[in-house]
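Trainee: give me the fold of what follows.
(2 chains)
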Amino acid sequence: MENQYLNSGDKNIGVEKSTPNILHKKNWKLKEKIFKIVLLFAGVTILLIIGGIILSLLFSSIPSLKKFGFSFIIGNEWDPVNEKYGALPFLIGTAMTGFLALLISLPFSFSISILLGEYFKKGLLSSFIKTMTELLAGIPSVIYGFWGLFFVVPIIRNVEMIFGAIPYGVGILTASIVLGIMIIPYSASIGREVLELVPNDLKEAAYSLGATRYEVIKTVSIPYSISGIIAGIILSLGRALGETMAVTMLIGNMNSIPENIFAPGQTIASIIANQFNEANNELHISAMIELGLLLLVMSAIINFLGKYIIKKLSVEG
Amino acid sequence: MEGTILTTKDLFVYYDTKCAVNNVNIEFQKNKITAIMGPSGCGKTTLLRCLNRIHELNPSAKVEGKILLHGEDLLAIDPILVRRKVGMVFQRPNPFPTMSIYDNVISGYKLNGIRLKKSEFDEIVEDSLKKAALWKEVQHDLHKRGTFLSGGQQQRLCIARALAMKPDVLLLDEPTSALDPISTSHIEELLVELKKTVTIIIVTHNLAQAGRISDYTSFMYLGELVEFGATDKVFTNPQNEQTERFLTGKFG
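Mentor: Numbers count the residues shown, from 1 in each chain, chains lettered A, B, ... in the order given. The predicted structure follows:
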């Protein structure tokens, strides 16, 4: 028996062939190595793909970068016929729709998070609202666009007539409303999850001090989960900036800086979707790819900003 | 009995249909420490949680009977007022991690939206931390978060937080079971000191602890109160067979 313990390597000295030797593993070092390599391969592939996307966008936008330089960002004229490309109207359009959508979605997503994370954690109503909210995220964006055209556009047209604006129907506001609805589930579900994670004994401590439910939510639960709630909001903003189909259908596709929220406009995503098919000279394509690069940079900045805020506000920090 | 502050009369507590507290009649004496003991699942924590109506957070809990605070049925008054008069300290130290030490102490006021002058808050903070024997250790770190404190210090911060509301009764649910022996003895000394100003009711698993600090001991078994009396009498001459078995370490 002693031998068995001393020789746990490759040879089974002193152990009969018929008894299974639990201390002997075949080729485990090699298996371990192969497993690690497979995992590493997946990780490196992701890095390569992202690096490749950024590099190819960068290379393809060189002609446009060379020709326009910084004026690409501050130029407000986009005229493919005369080869003038300025992205300012789309940058403003993207920012306006993104933040307006966020503003519209926030009251709903915040309320739904609290409703499902604090009030109705279990039960029929809870799972019904939860499923419906998640379904909102699963609706294809073209359906949102379609619904917006036939339902939101006529309403906005009436509103525009009341305010004396030109009754386009489509425009920044219309796109933002539909976009706002589209992004509700992202911040709502993350908000619900982080609110559910608030330790029960913290809430009990607050109740024991004579707090009401509203006071507990306001003073204990929300501060505890604020970093997660903000993470959800930022995720939904990122989603709003890049959304293409529904926005293209509803924003009115006008290549100028929108004068007000009723005016038609264009986002980076919608101009690319609108013109990519018809772009046939190198400069036009290059300018469009530079737009894509700008959108990528915008999303990256928002992501980093979000991570920074989360770090600053998290409970452990 | 004279000096009674809190009384339960024919108290029953049910979770759905399961009876957790069965016909408990007990009189808690003012400015004394009363220990509630018993094996796991005997209903002692449930009884404690009824005394400030925190049991109502569990929707399946139902209470029958009366709980009199200063002769007034606290089941009939606003639970929010009850909880300000009857404070609670929990098993695990749970200072609010998002708040500074200072804000933790006055969190009861903040939570209830009570606005006082800065000087008044300062006074409450200093007074409560002194009562909880924590002032010397944290007086220079009042605006840091409470989470860097040791477990024992955090628990004393929780006691200070409860004391800041100037409660008549302080309920403690196994307050030292998550702490090391030194922190435990700090808390025990503190409780003995505190009974001058507040009535203390403590649930504990620790026989020696009950023997060291409590004036009265109650013993619960299967939801019933089977023994109640002065601690030295209960420990030396228990009337009930279950109590004796528990005290001699035969179960529990």
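
Trainee: so which bits of the stretch 151-300 of chain A are right by chain B?
Mentor: The stretch 151-300 of chain A has residues A:199, A:201-212, A:215-216, A:219-220, A:223-224, A:226 near chain B, with proximity defined as CB under 8 Å from any CB of the partner chain. (Each C-beta comes from the backbone N, C-alpha and C, glycine too.)

Trainee: ok, residue A:112 touching residue A:190?
Mentor: No - in this structure, residue A:112 is not within contact of residue A:190 by CB atoms under 8 Å, at 11.1 Å.

Trainee: next, the closest residue to residue B:70 other than its chain neighbours: secondary structure please.
Mentor: Spatial nearest neighbour of residue B:70, chain neighbours left out: residue B:5 (6.7 Å); criterion: CB to CB, 6 or more residues apart in numbering or on different chains. With DSSP: H, G, I helix; E, B strand; the rest coil as the basis, residue B:5 sits in strand.

Trainee: residues in contact with residue B:5?
Mentor: By CB atoms under 8 Å, 6 or more residues apart in numbering or on different chains, the contact list for residue B:5 reads B:28, B:29, B:30, B:69, B:70, B:168, B:169, B:199.

Trainee: what residue spans form the domains of chain A?
Mentor: Structurally, chain A divides into domains by automatic domain parsing as follows: A:2-60, A:87-316.

Trainee: looking at these, which is buried most?
Mentor: domain A:87-316 (a mean of 19; mean count of other CB atoms under 10 Å in any protein chain shown).

Trainee: and the strands in the stretch 151-252 of chain B?
Mentor: Taking DSSP state E, counting those that start in this stretch as the criterion, the stretch 151-252 of chain B contains strands spanning B:169-173, B:199-203, B:216-221, B:224-230.

Trainee: okay, buried residues for the longest one please.
Mentor: For strand B:224-230, a neighbour-count test (16 or more other CB atoms under 10 Å in any protein chain shown) marks B:224, B:225, B:226, B:227, B:228, B:229 as buried.

Trainee: give me the number of residues near the closest residue to residue A:199 other than its chain neighbours?
Mentor: Residue nearest to residue A:199 in three dimensions, not counting chain neighbours: residue B:94, with 7.2 Å by CB to CB, 6+ apart. When neighbours are defined as other CB atoms under 10 Å in any protein chain shown, residue B:94 has 23 of them.

Trainee: right, and residue A:258 touches residue A:176 too?
Mentor: No - with contact defined as CB under 8 Å, residue A:258 does not count as touching residue A:176 (11.0 Å).

Trainee: joint contacts of the two?
Mentor: residue A:96.

Trainee: contacts only, for residue 179.
Mentor: Just so you know, I chose chain A. So residue A:179 contacts A:97, A:98, A:100, A:101, A:104, A:240, A:243, A:246, A:247 (CB under 8 Å, 6+ apart).

Trainee: you looked at the wrong chain, it should be chain B
Mentor: Neighbours of residue B:179 in contact, by CB under 8 Å, 6+ apart: B:93, B:151, B:152, B:155, B:187.

Trainee: got it, and residue A:237?
Mentor: For residue A:237, the contact set (CB under 8 Å, 6+ apart) comprises A:98, A:99, A:102, A:183, A:302.

Trainee: excluding sequence neighbours, find me the nearest residue to it.
Mentor: residue A:102 (5.4 Å).

Trainee: and residue B:133, how far from chain A?
Mentor: Counting by CB to the nearest CB, to the nearest Å, the gap from residue B:133 to chain A is 20 Å.

Trainee: got a list of what that residue touches?
Mentor: Counting by CB under 8 Å, 6+ apart, residue B:133 touches B:156, B:186, B:189, B:190, B:193.

Trainee: need the three-state assignment for residue A:121.
Mentor: Look at residue A:121: counting by three-state DSSP, its state is coil.

Trainee: how about the one 10 residues further on?
Mentor: In terms of secondary structure, residue A:131 is helix; the call rests on three-state DSSP.

Trainee: how far away is it from residue A:263?
Mentor: 37 Å (CB to CB, to the nearest Å).

Trainee: got it, and residue A:219?
Mentor: With CB to CB as the criterion, residue A:219 and residue A:263 are 42 Å apart.

Trainee: could I get the contacts of residue B:5 as JSON lines with pLDDT and neighbour count?
Mentor: Shown next, in JSON lines, are the contacts of residue B:5 (pLDDT from 0 to 100; neighbours: other CB atoms under 10 Å in any protein chain shown):
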{"residue": "B:28", "pLDDT": "93", "neighbour count": "24"}
{"residue": "B:29", "pLDDT": "93", "neighbour count": "18"}
{"residue": "B:30", "pLDDT": "92", "neighbour count": "15"}
{"residue": "B:69", "pLDDT": "92", "neighbour count": "20"}
{"residue": "B:70", "pLDDT": "90", "neighbour count": "12"}
{"residue": "B:168", "pLDDT": "93", "neighbour count": "17"}
{"residue": "B:169", "pLDDT": "94", "neighbour count": "21"}
{"residue": "B:199", "pLDDT": "95", "neighbour count": "23"}
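
Trainee: could you tell me the least trusted of the domains of chain A?
Mentor: Per-segment mean pLDDT for the domains of chain A reaches its minimum on domain A:2-60, at a mean of 78.

Trainee: for chain B, what lies in contact range of chain A?
Mentor: B:52, B:54, B:57, B:80-81, B:83-84, B:87-88, B:90-92, B:94, B:96-99, B:107-108, B:110-113, B:147, B:158, B:161-162, B:165.

Trainee: pLDDT score assigned to residue B:16?
Mentor: For residue B:16, pLDDT reads 87.

Trainee: what's the answer for the one 10 residues further on, then?
Mentor: Each residue has a pLDDT score; the one for residue B:26 is 92.

Trainee: what residues does the helix or strand harbouring it touch?
Mentor: Per DSSP states H and E: residue B:26 is located in strand B:18-29. Residues outside strand B:18-29 that contact it (CB under 8 Å, 6+ apart) are B:1, B:3-14, B:34, B:43, B:46-47, B:50, B:61, B:65, B:169, B:199, B:201, B:215-216, B:218, B:220, B:222-225, B:228.

Trainee: mind checking which of these are buried?
Mentor: Buried among the contacts of strand B:18-29 (16+ other CB under 10 Å): B:5-8, B:11-14, B:34, B:43, B:46-47, B:50, B:61, B:65, B:169, B:199, B:201, B:215-216, B:218, B:220, B:223-225, B:228.

Trainee: helices of chain B, residue ranges please.
Mentor: B:44-50, B:79-85, B:101-105, B:107-111, B:118-131, B:135-138, B:151-164, B:181-194, B:207-213, B:231-236, B:241-247 (DSSP state H).

Trainee: so can I have a markdown table of those showing distance to residue A:83 and mean pLDDT?
Mentor: Below are the helices of chain B laid out as a markdown table (distance: least, CB to CB, whole Å; pLDDT from 0 to 100):
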| stretch | distance to residue A:83 | mean pLDDT |
| --- | --- | --- |
| helix B:44-50 | 76 | 93 |
| helix B:79-85 | 71 | 91 |
| helix B:101-105 | 62 | 95 |
| helix B:107-111 | 63 | 91 |
| helix B:118-131 | 66 | 93 |
| helix B:135-138 | 69 | 91 |
| helix B:151-164 | 68 | 94 |
| helix B:181-194 | 76 | 92 |
| helix B:207-213 | 86 | 91 |
| helix B:231-236 | 95 | 89 |
| helix B:241-247 | 92 | 85 |
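
Trainee: not counting sequence-adjacent ones, nearest residue to residue A:116?
Mentor: Ranked by CB to CB, 6+ apart and with sequence neighbours excluded, the top spatial neighbour of residue A:116 is residue A:192, at 4.5 Å.
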